[in-house]
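Q: Prediction below, plus the sequence it came from.
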Amino acid sequence: MEMANAQASGIKPDREKGIIMNRRIFLTKLAAAIGTLSITNVMAQPHQMGNMPMSGHGMKGMNMSGQNMGHMSSSGGNLLPESALPKNLPLPELQSLVNTSSRPGYFFSFLEAKPVTLQLTPEVSTEFWAYNDQIPGPAIEVFEGDTVEITLINSLPQPTTIHWHGLPVPPDQDGNPQDEVLPGAEHTYRFTLPEGSAGTYWYHPHGHETVAEQAFRGLAGVFIVKPKNDPLANIPVQNWLMSDLKLAADGQIAPNSMMDWMNGREGQFVLINGAHQPQITINTATRARLWNTCSGRYLNLALSDADIYLIGTDGGRLEQPHKLTSLLLTPGERAEILIVPKKSTQVSLKALAYDRGKMGRHAPEVTRDLASVVMTSAALPTLPKKLTTLPQLGEATATKTLEYTETMAMGNGQHGMNFLINGKKHDMNRIDLTSKVGEVEEWEIFNNSHMDHNFHLHGTQFTVVNYQLDGRTRAPDYIGHKDTINLRPYERVRIKMVQNHKGLRMYHCHILEHETLGMMGQLNVV
Ligand SMILES: [Cu+2]
């Protein structure tokens with residue numbers, strides 16, 4: 001898919017006025033069913049309602065057994081066929097955000113969040129919400145130690161923020177839901193990236209109850225922090241940002257169906273750098289930075305005829321390469337891998353079928369081709385004895401426990417689906433946990449539910465101590481800096497971390513629909 005030069009279209013015309021009554025009825029039911037977003041809040045977001053399936057599924061649509069899902073497809077309406085977007089075009093490079101500062105060590109720029117109509121093919125034109133008219137958003141590349149000032153201009157029809165996912169920035173610069181930038185307003189984020197923070201990060205909105213929509217309309221970009229002295233600098237690097245796109249039959253971004261709200265949104269397209277099943281060329285041993293920026297899609301990645309080594313996780317390098325057969329990247333997670341082709345051939349980059357315990361009647365999980373990869377055989381490059389030295393946190397002196405649950409409240413014909421942490425939905429006015437700045441803590445997170453959820457903590461990186469499932473405890477396969485981690489159904493994970501700034505931090509499931517419906521808590525660091 002080639003993104004034509006974008007023309008700003010302003011806010012979408014109200015072509016859906018005719019179905020406002022149906023919308024209202026549906027919204028009443030949706031809100032009752034999901035039991036979280038207030039009607040007024042949802043009503044304030046007309047874009048959400050575009051092509052919702054309207055006819056008579058009512059509350060039966062939420063039946064857990066899926067018996068009554070009837071005509072309601074897992075996708076929630078008529079979608080554009082996958083053949084509508086071309087494949088096998090060369091992988092586009094991410095466009096860089098231009099640094100307007102000439103001072104060494106400073107990165108100044110702006111990001112404008114705005115609706116923009118992009119011509120995906122001669123037949124398909126789609127309104128996205130984009131940063132600087134680009135899908136994906138511009139790539140930010142800085143060095144450890146740099147001072148960053150980025151002004152957000154909000155030209156969206158709703159409040160927004162920018163969250164610097166995984167970066168150790170002060171809480172008041174991290175785009176919390178409490179710090180929304182109103183439509184028409186601007187806000188400058190300022191932070192300095194400490195030594196040791198080199199890693200593979202990204203940025204995306206984090207407003208109140210709007211994250212799912214703003215993300216699926218296109219607002220996301222990568223944020224790379226490079227080490228000043230990189231022992232792997234001589235190995236070429238590619239950036240692969242993987243995102244999900246769900247287009248209705250008319251080419252517009254489809255709203256979330258009920259199934260999307262329950263299971264996390266999955267569209268019919270997976271894009272890499274904005275392109276549908278592109279062709280990637282690997283001429284030599286190559287590093288690739290990978291991002292899963294999908295709302296709900298799990299990517300269990302595999303590539304044949306090449307040796308693949310994990311060399312970095314979310315927040316930086318591993319000490320030693322870890323050989324992989326496949327790599328599960330859940331929404332929000334990143335990795336840096338080293339690809340050493342064993343033959344000169346053409347293979348598929350695949351996302352292997354992965355059963356994450358979805359609810360209701362959904363399409364069977366299938367293996368998907370994400371890209372075609374043309375490779376030239378290469379030798380393993382000489383690597384340093386140690387890729388990095390990870391800091392030792394020492395013994396934890398405080399502990400916390402979190403429990404994920406899902407509940408269905410039934411009665412009076414109403415079913416309310418809740419995604420909870422420690423029995424509660426997110427409340428902007430409630431502090432759930434308190435930590436002391438600088439104190440080493442161990443958290444145990446228990447996924448007491450029948451589906452995979454992942455866990456993301458703002459403002460710091462953690463390491464995994466161990467996993468527990470079915471009465472067995474296992475150590476992690478490798479130690480790396482993580483800010484987002486998956487939990488299988490009924491799995492417990494113990495992690496260790498320190499928070500280095502005072503203020504308010506979020507933690508949540510990064511399946512964005514679950515987060516938006518309240519599977520989020522607030523940590524006050526004092
Ligand atoms: Cu979840």
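A: Arrived safely, thanks for sending. Numbers count the residues shown, from 1 in each chain.

Q: Need the pLDDT of the closest residue to I253 other than its chain neighbours.
A: Among residues not flanking I253 along the chain, R217 sits closest, at 5.7 Å (CB to CB, 6 or more residues apart in numbering). Heads up, the C-betas are built off the backbone N, CA and C, glycines and all. Note on R217: pLDDT of 98.

Q: is it true that R217 touches T126?
A: No: applying CB atoms under 8 Å as the test, R217 and T126 come out as separate, 9.8 Å apart.

Q: Identify the contacts common to the two.
A: Common contact partners of R217 and T126 (CB atoms under 8 Å, 6 or more residues apart in numbering): I253.

Q: check contacts around the closest residue to E195 other than its chain neighbours.
A: With sequence-adjacent residues excluded and distances taken as CB to CB, 6+ apart, E195 is closest to E144, at 5.2 Å. Residues in contact with E144 (CB under 8 Å, 6+ apart) are L193, P194, E195, G196, S197, A198, V225, K226, P227, K228.

Q: Near the ion, list only the ones from those residues.
A: Near the ion, judged by CB under 5 Å from the ion, there are no entries from the contacts of E144.

Q: Looking at these, spot the one nearest H501.
A: Lowest distance from H501 to the contacts of E144 (CB to CB) belongs to P194, with 10.7 Å.

Q: That closest one contacts P168, correct?
A: Yes: contact criterion CB under 8 Å: P194 and P168 qualify, at 6.2 Å.

Q: If you count surrounding residues, which of the two has more?
A: More crowded of P194 and P168, by other CB atoms under 10 Å: P168, with 24 against 13.

Q: now for stretch 483-502, what's the gap between its first and last residues?
A: From its first residue to its last, stretch 483-502 covers 18 Å (CA to CA, to the nearest Å).

Q: buried sites along it?
A: 483-488, 491-499, 501 (16 or more other CB atoms under 10 Å).

Q: for the record, mean pLDDT for it?
A: On average, stretch 483-502 scores 98.

Q: circling back to that earlier point, give me phi/psi at the residue nearest to E195?
A: E144 adopts backbone torsions of phi -50, psi 140, taken as degrees, to the nearest 10.

Q: Tell me the confidence at it?
A: Predicted confidence (pLDDT) for E144: 97.

Q: How about T407?
A: pLDDT for T407: 88.

Q: mind checking which helix or strand it is in?
A: Using DSSP states H and E, T407 maps to strand 398-411.

Q: Just the C-alphas of that strand, formatted as PDB.
A: Taking Å, rounded to 0.1, in the frame of the first residue of the first chain, the C-alpha atoms of strand 398-411 are listed here in PDB:
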ATOM      1  CA  ALA A 398       8.300  -4.100  49.300                       C
ATOM      2  CA  THR A 399       5.700  -6.400  47.600                       C
ATOM      3  CA  LYS A 400       2.400  -5.800  45.800                       C
ATOM      4  CA  THR A 401      -0.100  -8.200  44.400                       C
ATOM      5  CA  LEU A 402      -2.500  -7.600  41.500                       C
ATOM      6  CA  GLU A 403      -5.300  -9.800  40.200                       C
ATOM      7  CA  TYR A 404      -7.000  -9.600  36.900                       C
ATOM      8  CA  THR A 405     -10.600 -10.800  36.700                       C
ATOM      9  CA  GLU A 406     -13.500 -10.600  34.300                       C
ATOM     10  CA  THR A 407     -17.000 -10.600  35.600                       C
ATOM     11  CA  MET A 408     -20.400 -10.800  34.000                       C
ATOM     12  CA  ALA A 409     -23.200  -9.200  36.000                       C
ATOM     13  CA  MET A 410     -26.600 -10.600  35.000                       C
ATOM     14  CA  GLY A 411     -30.200  -9.800  35.800                       C
END
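
Q: And the contacts of that strand?
A: For strand 398-411, using CB under 8 Å, 6+ apart, the contacting residues are 35, 62, 64, 415-423, 433, 435-436, 439-451, 453, 455, 487, 507, 509, 519, 521.

Q: If any of those are buried, give me the ChimeraX selection for them.
A: This is the ChimeraX syntax for the buried subset of the contacts of strand 398-411, where burial follows 16+ other CB under 10 Å:
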select :35,62,415,416,417,418,419,420,421,433,435,441,442,443,444,445,446,447,449,451,453,455,487,507,509,519,521
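
Q: Many thanks, we can stop here.
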